[in-house]
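J.: One predicted model, sequence on top.
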Amino acid sequence: MITDARVLQPEFVPGDVKHRGAEVSHLSDTLRPITIGNRAETSFLYGPSGTGKTCIAQYTVEQLREQVVDIDSQYVNCWEDYTRFKTLYRILDSIGKTIDIHRQSTPRDELLERLREQVTSPYVVILDEVDQLEDPSLLYDLYRIRELTMILIANREEDVFGRLDERLNSRLSSCARIRFGQYEFSEIVTILEDRIQWGLRKDAITQAGIEQIADQAAGDARKAIGILRNAAKTAKYDGEDKITSTVITRAVPEAKSELQRKTVEKLTNHQQVLYEIIKEDDEIEPSVLYDRYCEQVADDKSKRMMRNYLSKLEHYNLIESEGKTKGRIYRLAAP
DNA sequence: GATCCACAGGAATCCTCGGGGT
DNA sequence: ACCCCGAGGATTCCTGTGGATC
């Protein structure tokens, strides 16, 4: 039933994008100076998740690469590479200038130096989830590299610009801000149809099934594709040759927990223990939580460290907390 | 209302790891 | 072989806050 599993993956960038013509042309207009060898103005793409920001950024840069031969680009997810060092390392990685930097003890900002030296032709850097960057001043340093063009991506404008200092704010005030709104129901339907065309056998799903998924996705294309992927997997596992309505109904919560499971797997042992303890109870207070945590691990860390772990879990939307000081409780994040 | 307590989260400091320079 | 350096984790110290108790 599945003919090409790649097109159902969340990171897949289609060769042709749907419903984002205006955004694509706005972005490629902004990037146009690159085609004549100049650096382009910074672009800022923002909007809710699953509205195509990452996809459109990668797609547009890819289009550009087809027009201009001598252009490098790199995608960085600042959620994963959130420190200054990691981000710089990732950026240098794509131009293969990190071969001899395997140590952590590279003198401070040697990476930046190297980037300055090496970037001599147009270079586009996509910084996804840029609001997660620990040290926003990195943006200023990147901005000052002549040939480097930045595409910034975040959910909300204020999460990014609220944290920048004056000088960077004023320099980025002229950047191209491109807003991404939620998809319409019918748009989600055509996006799904497109993926189905490339990834599934024609008769694998009915029109009603597609609409059922689109309805559940509520304007979020990533969610829609996640449901489709899970439904297809479930159907295949059950030996069915069609994605039925029941399968879709089952796939909806599965698609949600899939994301959560992947996040949990990325946590450290200690963080996972905390997560499991919180999972057991509806609500738990910090002191009880800490006691249980100490019981369950051999090398228990300090209370302060537990708080760091907890804020990380909260940051990942795995748990939530209520109450500011005394009487605070932790619980699993609402689904 | 003064005092105590539990807690959050920032800042300074310590510790460890891995690799370079000598 | 030795020391040194920087990053990042962990700990210690600290300040601020709000509920509980007298």
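T.: Here it is on my side, so go on.
J.: Show me the strands in chain A, by range?
T.: Using DSSP state E, the strands found in chain A span residues A:43-46, A:72-77, A:123-128, A:148-154, A:176-179, A:319-322, A:329-332.
J.: Same list (these) but as CSV, adding mean pLDDT, distance to A:Cys55 and mean neighbour count.
T.: No exception for glycine: its C-beta is placed from N, CA and C like everyone else's. Formatted as CSV, those follow (pLDDT from 0 to 100; distance: least, Cβ to Cβ, whole Å; neighbours: other Cβ atoms under 10 Å):
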stretch, mean pLDDT, distance to A:Cys55, mean neighbour count
strand A:43-46, 94, 10, 24
strand A:72-77, 89, 11, 19
strand A:123-128, 92, 11, 24
strand A:148-154, 93, 10, 25
strand A:176-179, 94, 13, 17
strand A:319-322, 91, 29, 15
strand A:329-332, 93, 30, 18
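J.: Quick check: the residue nearest to A:Arg146 when sequence neighbours are not counted vs A:Asp4, distance?
T.: Nearest residue to A:Arg146, sequence neighbours excluded (Cβ to Cβ, 6 or more residues apart in numbering): A:Arg39, at 6.2 Å. Relative to A:Asp4, A:Arg39 is positioned 37 Å away (Cβ to Cβ, to the nearest Å).
J.: Compare these two (neighbour count), which wins?
T.: A:Arg39 (19 against 12; other Cβ atoms under 10 Å).
J.: in chain A, which spans are helices?
T.: For chain A, the helices defined by DSSP state H occupy A:21-31, A:53-67, A:84-93, A:110-118, A:137-143, A:157-161, A:166-172, A:185-199, A:207-217, A:221-237, A:245-266, A:269-280, A:286-296, A:303-315.
J.: quick one: is stretch A:135-150 near DNA strand C?
T.: No - counting by Cβ under 7 Å from any atom of the strand, DNA strand C is not contacted by stretch A:135-150; separation bottoms out at 9.1 Å.
J.: could I have that stretch exported to CSV, CA atoms only?
T.: The C-alpha atoms that make up stretch A:135-150 are tabulated as CSV, following Å, rounded to 0.1, in the frame of the first residue of the first chain:
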residue,chain,number,x,y,z
ASP,A,135,22.6,33.4,23.2
PRO,A,136,20.8,35.6,20.7
SER,A,137,24.0,37.7,20.2
LEU,A,138,25.1,35.0,17.9
LEU,A,139,22.7,36.5,15.4
TYR,A,140,24.5,39.7,15.5
ASP,A,141,27.8,38.0,14.8
LEU,A,142,26.3,36.1,11.9
TYR,A,143,24.7,39.3,10.6
ARG,A,144,28.1,40.9,10.3
ILE,A,145,29.5,38.2,8.0
ARG,A,146,29.4,39.8,4.6
GLU,A,147,28.3,36.9,2.4
LEU,A,148,26.0,35.3,4.9
THR,A,149,22.3,35.5,4.5
MET,A,150,20.0,34.4,7.3
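J.: That'll do, ta.
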